[in-house]
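>>> Turn this into a model:
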Amino acid sequence: MNIALLSYSTRPRGGVVHTLALAEALAAAGQDVTVWTLGRGGDAAFFRVVDPAVRQRIVPFADGSPRETVGERVQRSIAVLREAFDPGPYDIVHAQDCISANAVGRCVRTVHHIDHFTTPELAACHERAITRPHAHICVSSAVAGELAGGWGIKATVIPNGVDHERFAATDPAARARWRDRLGRYVLTVGGIEPRKGSLDLLEAYALLRDRHPRTRLVIAGGETLFDYRDYRARWEARAAGLGVEPVVLGPVPDDDLPPLVAAAGAFAFPSRKEGFGLAAMEALAAGVPLVVRDLPVLREVFGPAARFAATPEALAGELGEALIGDDAIRRAAGRDLAARHTWSAAASRHLDFYAGLS
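Numbers count the residues shown, from 1 in each chain. Below you'll find the predicted structure:
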């Protein structure tokens, strides 16, 4: 089967991580797979080395004017990818996000989560990317339920995989280097943005620090297409007001991420909206205690492997318990859960899904 998987960026973000891992698993299963994406800012390669069995088509995407709005950038992204992509050679065209789904038209679409935009261009892009594809996959039943309730669309649920061994078997020396540099820390991965609940985590950390003054908050990741400067300014002002100084690492080299995760005292995942929670599943693979926001989707995915919190106060309390408590049962449940979510199983289910398309 000749399969095209399409994404919108070469940089580390959950959907891009998913696309590459799925592509490699499909190729390992004997399929002919090509990943298409936009090379923003001069990027000529993905953020990590990709298995050579997977073909890569990185379409140059020049930086726009400093006055270009997010809506204009999205529209230009769609136009550039549409101009470059030829669906003719492929048996399956599978878009992983709104931009690529708009660019290619008729396709399979994975809906990782459902956004709610107020900008007209983004709202229209989001709507087309849901209604125009001829078949839909979701990574959790909760998101599939949103699709059914909001659009009457029936989606097949295929959960994410996770590179379990990569996070479970990290180098002790690499973990020690992060601990030497940062001390004891609570980690979150995903950057500073509204959907990630960054302001709530800041409030929680201020409360946590009162009880655990030597514990730091470390924030990794943050690559995004959107402009969160106003939110970041509010976050920085609130941090100053609370008298806290989180460590903001930004995007971390791919090889450094597993030991950074594994060295954490706890992993915080206070997202306000998620489709699955791949970064949190990676933390479970590393054996790190996990505290997530109390959302139906995260209850579905993580169950007894995580602690749940609905407010900053509860988040602080659960993080404190995770740092000092005996979480052996949850850790074991987490490792087992992560080990069951393999990319090979996800690829097999995708192939069954593709075979069933008329």
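>>> Residue 60 reaches residue 37, doesn't it?
No: using C-beta atoms under 8 Å, residue 60 is not in contact with residue 37, being 10.9 Å away. Glycine gets a C-beta too; all of them are placed from N, C-alpha and C.
>>> of the two, who's got more company?
For residue 60 versus residue 37, neighbours defined as other C-beta atoms under 10 Å are more numerous around residue 37 (27 against 12).
>>> Which residue comes closest to the more buried one once chain neighbours are left out?
Leaving aside its sequence neighbours, residue 37 sits nearest to residue 7 (C-beta to C-beta, 6 or more residues apart in numbering; 4.5 Å).
>>> ok, that neighbour touching residue 94?
No: counting by C-beta under 8 Å, residue 7 stays clear of residue 94, with 10.1 Å between them.
>>> Give me the neighbour count for the residue nearest to residue 61 when sequence neighbours are not counted.
Once flanking residues are discounted, residue 61 sits nearest to residue 38: 4.1 Å by C-beta to C-beta, 6+ apart. Residue 38 is flanked by 25 other residues according to other C-beta under 10 Å.
>>> now residue 168
Neighbours of residue 168 (other C-beta under 10 Å): 18.
>>> and it, how far is that from residue 69?
43 Å (C-beta to C-beta, to the nearest Å).
>>> Could you do residue 162 as well?
36 Å.
>>> again, but for residue 169
Going from residue 169 to residue 69 by C-beta to C-beta gives 45 Å.
>>> quick one, which of these two is more surrounded?
residue 69 (14 against 11).
>>> Run through the residues that contact that one.
Residues in contact with residue 69 (C-beta atoms under 8 Å, 6 or more residues apart in numbering) are residue 119.
>>> can we see that at 7 Å?
Taking C-beta atoms under 7 Å, 6 or more residues apart in numbering as the definition of contact, residue 69 has no neighbours.
>>> Not including adjacent chain positions, what is the nearest residue to residue 43?
That would be residue 10: by C-beta to C-beta, 6+ apart, it lies 4.4 Å from residue 43.
>>> how about that neighbour, phi and psi?
phi -100, psi 0 (degrees, to the nearest 10).
>>> Now do the SS call for residue 114.
Secondary structure, DSSP: H, G, I helix; E, B strand; the rest coil: residue 114 is coil.
>>> okay but it is in contact with residue 144, surely?
No: here residue 114 does not reach residue 144: they are 10.4 Å apart, not a contact under C-beta atoms under 7 Å.
>>> Settle it for me: which of those two has more neighbours?
Per other C-beta under 10 Å, whichever of residue 114 and residue 144 has more neighbours is residue 144, with 20 against 16.
>>> in the protein, which ranges drop under the pLDDT threshold?
225, 358 (pLDDT under 70).
>>> what domains does the record give for it?
Domain assignment for the chain by automatic domain parsing gives 2-161+342-355, 164-340.
>>> Residue 306 against residue 293, yeah?
No: in this structure residue 306 lies outside contact range of residue 293 using C-beta under 7 Å: 10.0 Å.
>>> Who has more neighbours out of these two?
More neighbours surround residue 306 than the other of residue 306 and residue 293, with 28 against 25 (other C-beta under 10 Å).
>>> Identify the residues contacting that one.
With contact set as C-beta under 7 Å, 6+ apart, residue 306 has these partners: 290-292.
>>> how about those in CSV, adding neighbour count?
Shown next, in CSV, are the contacts of residue 306 (neighbours: other C-beta atoms under 10 Å):
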residue, neighbour count
290, 27
291, 29
292, 27
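>>> Mind putting those residues into a markdown table with distance to residue 236?
Formatted as a markdown table, these follow (distance: C-beta to C-beta, whole Å):
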| residue | distance to residue 236 |
| --- | --- |
| 290 | 27 |
| 291 | 23 |
| 292 | 25 |
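>>> Which one of the residues you listed is nearest to residue 194?
Nearest to residue 194 among the contacts of residue 306, counting by C-beta to C-beta, is residue 292 at 16.9 Å.
>>> what about the closest one, which SS state?
What three-state DSSP gives for residue 292 is strand.
>>> now it: how far from residue 190?
Taken as C-beta to C-beta, the span from residue 292 to residue 190 is 12 Å.
>>> So the residue nearest to residue 61 belongs to a strand, correct?
Yes: Residue 38 forms part of a strand when assessed by three-state DSSP.
>>> Start at 121, not 1
Happy to do that; since the first residue is 121 now, the last one works out to residue 158.
>>> can you map out the strands along this structure?
With DSSP state E as the criterion, the chain has strands at 122-126, 152-160, 175-181, 212-215, 228-231, 255-258, 276-277, 305-309, 336-340, 367-370, 386-389, 410-413, 427-429.
>>> now the helices for the stretch 371-478 of the chain?
377-382, 398-405, 416-422, 432-444, 448-460, 463-475 (DSSP state H, counting those that start in this stretch).
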